[in-house]
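Participant: here is my input; please provide its structure:
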Amino acid sequence: MKTWLRNFCFVFFVIGTICVDAQKKSSKYELLCHPKEINKFCNLSERSFHYDSLVLKGADEETEWRELFTKISSFPNLKYIELNGNDLDELPEGFKGLTQIRALAIKNNPLLDLKKSCTVLKDFPLLNSLSLEISGINELPGNINTLLHIEQLNLIEAVLDDEQFAAADKIQKLEFRQPLAFADKSRREISITYTGTDADLMRDDVSFLPSLYPGTYDNALVAETGFVPQLLTKEMLAEKNVFVKKYDNVVPPIKDLDIEKNFYEINAVQGGTIKSESGTVIKLPANAFVDGAGNLITEKVIVNYREFKDPIDFLVSGIPMTYDSGGTSNTFQSAGMFELNASADGKEVFLAPGKKVEMDFVSTDPANTYNFYSFNDKKNNWENIGKPGDAKVQAAASFTIYSNAWRFYKSLSQVGIPVYDTVTFNERFLSNDYYFTREKTKDNVIDKKKKKKIRANRLVKIASVNRNRAGEIKFFIKHNEVTHPEMNCFIKNKWMLIDNMQASDFRSAFSSGKYYSDIRILDNGNSYEIQLKCDAGIKSFNAVPMEFTETKVEGKHRKGWTELKDGGKKLFKKYNRRLKLRNKTFDGKLSRTYRIKRSRYNNAKKSQEAYAWKEAKKIMSPEEHAMPKDQWMVYAKYVADHEKELLGKMQATTETISRSLSLEGFGIYNCDQISRMEQPIVIKPEYKGENKPGAKAETKDLRVSTTYVICKGRNAVFNYGDYGGDLSTKKFPIERTKEVVIISIENNGTLAFLSAENVKKSGIQAGGKQTLTMQEFESKDITIEQLKKLAGF
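Facilitator: Here you go, the predicted structure:
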């Protein structure tokens, strides 16, 4: 017996030791914030509380936050606090005393005022890590940039329901570092992570983050981290693994002579804006790059870009300037051409589906006769992809048309163009165009999956109206628990009418055969205004909630409906909080249209104008963004009303002309129109080359494979011949009415040049042989700039 007792005590001691050790090893303490649990917690001694992390879950009406936080502040080892599902509007009283914490997480508190919270946290000098659960990055308050001590900002997308979570393709985590330069000239970095659904990370709102810290960036430091595109020098390129795209049908005709590319390094997740030396602006959206398998690129991307503005650029590039249409070959006259490609880690990357690169491309001609083409290397031909944006120029009388946004707004604001519905939750209640939150339709069925169809105009009803002997009119408010979950607070309550009405009048006005699509309850102080929405608009009356009670008076049990002791304040508070959450959730989804199930199109004028304004802002110039909305509307209306007058007086130079372009992929693009020679004459050339001084013969015969004819005043190059052939006996046309420059490529790769002046001296006549005595250059002996000078460009 003694042996058994001794063994039992030993086992008990071992188990106890293990439990104590396990408790000591645990670094997190979870507390349910109800009065009984808080009382137990407040009885803990500083010595017994050995945790460095505390999770505060839940709350109720009687939670004593001040008492709790006073106790928490007495634990010096506590470094981390998490507020989770506490139903908070703002940080509770007493929280300001927790200045010892170094990390704070706020989760499942959707109604918490983050702006007020940041004002409080500004005085927490040791707080360097903040985690926030939010419905979108743009929910962050503008004053978060005042938390200068924060080094780690963790943003977590709030998953609103299990269905949405299951529908997400995957959960992704976005990480980058944001450099800051503070007023005291010190430099620090804030590490930001954003965890959310794949769909959310693909949105442009990631670019909202830098705007949280206006005026605090050090550009050099930003460039080092890839937050803005950085032009790479040759030395920097030598250290990078760079992919340069090759085209089968783009072959520069002159050896070692080609238009150089500029290379920019960009943060793929953040996106950015590139401004080329010519002034062209290239806007690359966030999360815009994918690899060959369609996977999102999150590392740094190298973008290469080059422009071709004049015939010499077109010639040396080797890019075909002919367009085959219906078997007929036509020569392009260009208002500007460019090539844009990208790579990551030495491999080609592509533009993600649904993403677009927006450009303000510096053009050479303001005419509206040009089309926009992309080069198809496989077909060795150009594809017409529409019209380029109208030229933006400086108009007469110093009136500037900054961008094409005014035209964009005018077009999109026309009633009849389908746009996504932007009417907010509260606006839909007040509008007679909606049942519940849905736009009115013929059948108004909002759920066909159920055996019994749910109709949007039959979601609320005043039922069981009766009058007692005391003259009190009582009734139930029946509602659809799915569409109006906030009303579940009153599901067990009757209501008593306060207004002076007869029961028959009340039934006739609000109950008999009446159904409603929506309901709101407002606190009037001593009673509540019930607002009911129907086809005729919003009707209302005043009432108070009642509860069913059972009392014992003089030994008898009495049952009945009585007014709530607090007048229904506690129930109304729950109702109001749930309604606010529903409002916030709906408007949050509204800002991400793809999340609203069966999102309808809407043609209401107000929605049209709101949508047009939102879209026009995307292509506005910085000058337009600086205008107040009312001022911009006046400017846009003036341009629209005086369009012909203003555009007719435009005086533009090459440096001042730009076109708004939108690209759905990378490659070679051209603003072109078909160019044909006026009054051409056909010649049969004999190519001669000038010998160097001292040679016996004055000229020598040239074997030419390709000839280019450039007509001054026409931004085009006419190409005759194909590489490797012999043009020595073939005819070609030149333009009689313009100055002409002739450039030929010999079979051995030597360049032969005939200036416009010497073409005139040759006395070219139609028909018969024509001697062209040309100046020869080795490709290594001439640059593009020298060639342009010789040609007169």
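Participant: skipping adjacent residues, who's closest to Thr273 in space?
Facilitator: Spatial nearest neighbour of Thr273, chain neighbours left out: Lys283 (5.1 Å); criterion: Cβ to Cβ, 6 or more residues apart in numbering. To be clear about C-beta, it is placed using only N, CA and C from the backbone, and glycine gets the same treatment.
Participant: now that neighbour: which helix or strand?
Facilitator: Per DSSP states H and E: Lys283 is located in strand 281-284.
Participant: note down every partner strand of that strand and its orientation.
Facilitator: strand 272-275 (antiparallel), strand 357-362 (antiparallel) (DSSP bridges).
Participant: chain center to it, what's the gap?
Facilitator: Strand 281-284 sits 14 Å away from the centroid of its parent chain (Cα atoms, centre = their mean, to the nearest Å).
Participant: quick one on the thing from earlier: turn the strands paired with strand 281-284 into CSV, columns for mean pLDDT and distance to Lys684.
Facilitator: Shown next, in CSV, are these (pLDDT from 0 to 100; distance: least, Cβ to Cβ, whole Å):
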stretch, mean pLDDT, distance to Lys684
strand 272-275, 85, 48
strand 357-362, 91, 41
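Participant: ranking the ones you listed by burial, who's on top?
Facilitator: Of all the strands paired with strand 281-284, strand 357-362 has the most neighbours on average by mean count of other Cβ atoms under 10 Å, namely a mean of 22.
Participant: what sits against the closest residue to Ile619 other than its chain neighbours?
Facilitator: Leaving aside its chain neighbours, Ile619 sits nearest to Ala405 (5.1 Å; criterion: Cβ to Cβ, 6+ apart). By Cβ atoms under 8 Å, 6 or more residues apart in numbering, the contact set of Ala405 is Ala616, Lys617, Ile619, Met620, Ser621, Glu624, Ala636.
Participant: ok, now how distant is the fourth one from Lys356?
Facilitator: As defined by Cβ to Cβ, to the nearest Å, Met620 lies at a distance of 16 Å from Lys356.
Participant: then the second one?
Facilitator: Using Cβ to Cβ, Lys617 is found at 15 Å from Lys356.
Participant: dump the strands paired with strand 281-284 to TSV, plus distance to Asn381.
Facilitator: Formatted as TSV, the strands paired with strand 281-284 follow (distance: least, Cβ to Cβ, whole Å):
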stretch	distance to Asn381
strand 272-275	28
strand 357-362	22
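Participant: list the contacts for the closest residue to Asp360 other than its chain neighbours?
Facilitator: In space, Asp360 comes closest to Val281 once its chain neighbours are excluded; the distance is 4.2 Å by Cβ to Cβ, 6+ apart. Taking Cβ under 8 Å, 6+ apart, we find Val281 in contact with Thr273, Ile274, Lys275, Met359, Asp360, Ser658.
Participant: closest one of those residues to Gln673?
Facilitator: Closest approach between the contacts of Val281 and Gln673, by Cβ to Cβ: Ser658, at 18.0 Å.
Participant: wait, Lys700 sits on Lys688?
Facilitator: Yes - counting by Cβ atoms under 8 Å, Lys688 is a contact partner of Lys700 at 6.8 Å.
Participant: what about the closest residue to Thr146 other than its chain neighbours, distance to Leu91?
Facilitator: Spatial nearest neighbour of Thr146, chain neighbours left out: Lys122 (5.3 Å); criterion: Cβ to Cβ, 6+ apart. According to Cβ to Cβ, Lys122 stands 12 Å off from Leu91.
Participant: more neighbours: which of those two?
Facilitator: Neighbour comparison, Lys122 and Leu91: the larger count goes to Leu91, with 24 against 15 (by other Cβ atoms under 10 Å).
Participant: pretty sure that one sits in a helix.
Facilitator: No - counting by DSSP: H, G, I helix; E, B strand; the rest coil, Leu91 is not found in a helix; it is coil.
Participant: ok but Asn368 is inside a strand, no?
Facilitator: No - Asn368: not assigned to a strand; according to three-state DSSP it is coil.
Participant: pLDDT at it, what is it?
Facilitator: Asn368 carries a pLDDT value of 83.
Participant: how near is the closest residue to it other than its chain neighbours to Thr369?
Facilitator: Once flanking residues are discounted, Asn368 sits nearest to Asp390: 6.2 Å by Cβ to Cβ, 6+ apart. Relative to Thr369, Asp390 is positioned 11 Å away (Cβ to Cβ).
Participant: the two: which is more packed in?
Facilitator: Using other Cβ under 10 Å as the criterion, Asp390 and Thr369 rank with Asp390 on top: 15 against 11.
Participant: check contacts around that one.
Facilitator: Contacts of Asp390 by Cβ under 8 Å, 6+ apart are Asn368, Asn404, Arg407, Arg659, Ser660.
Participant: please redo it, this time with the cut-off set to 10 Å
Facilitator: By Cβ atoms under 10 Å, 6 or more residues apart in numbering, the contact set of Asp390 is Pro366, Asn368, Ile401, Ser403, Asn404, Arg407, Leu647, Arg659, Ser660.
Participant: ok, Lys539 next?
Facilitator: Counting by Cβ under 10 Å, 6+ apart, Lys539 makes contact with Ala509, Phe510, Lys514, Tyr516, Ile530, Gln531, Leu532, Lys533.
Participant: just these: which are in strands?
Facilitator: Those of these mapping onto strands are Ile530, Gln531, Leu532, Lys533, per DSSP state E.
Participant: pick the one among the residues you listed closest to Gly327.
Facilitator: Using Cβ to Cβ, Lys533 comes nearest to Gly327 of the ones in strands among the contacts of Lys539, at 65.1 Å.
Participant: look up the closest residue to the closest one, ignoring the ones flanking it.
Facilitator: Leaving out its chain neighbours, the residue that sits closest to Lys533 by Cβ to Cβ, 6+ apart is Asp518, at 4.1 Å.
Participant: any idea how far that neighbour is from Gly567?
Facilitator: From Asp518 across to Gly567, the span is 24 Å (Cβ to Cβ).
Participant: more neighbours, these two?
Facilitator: Shown here are Asp518 and Gly567; by other Cβ under 10 Å, Asp518 has more neighbours (23 against 16).
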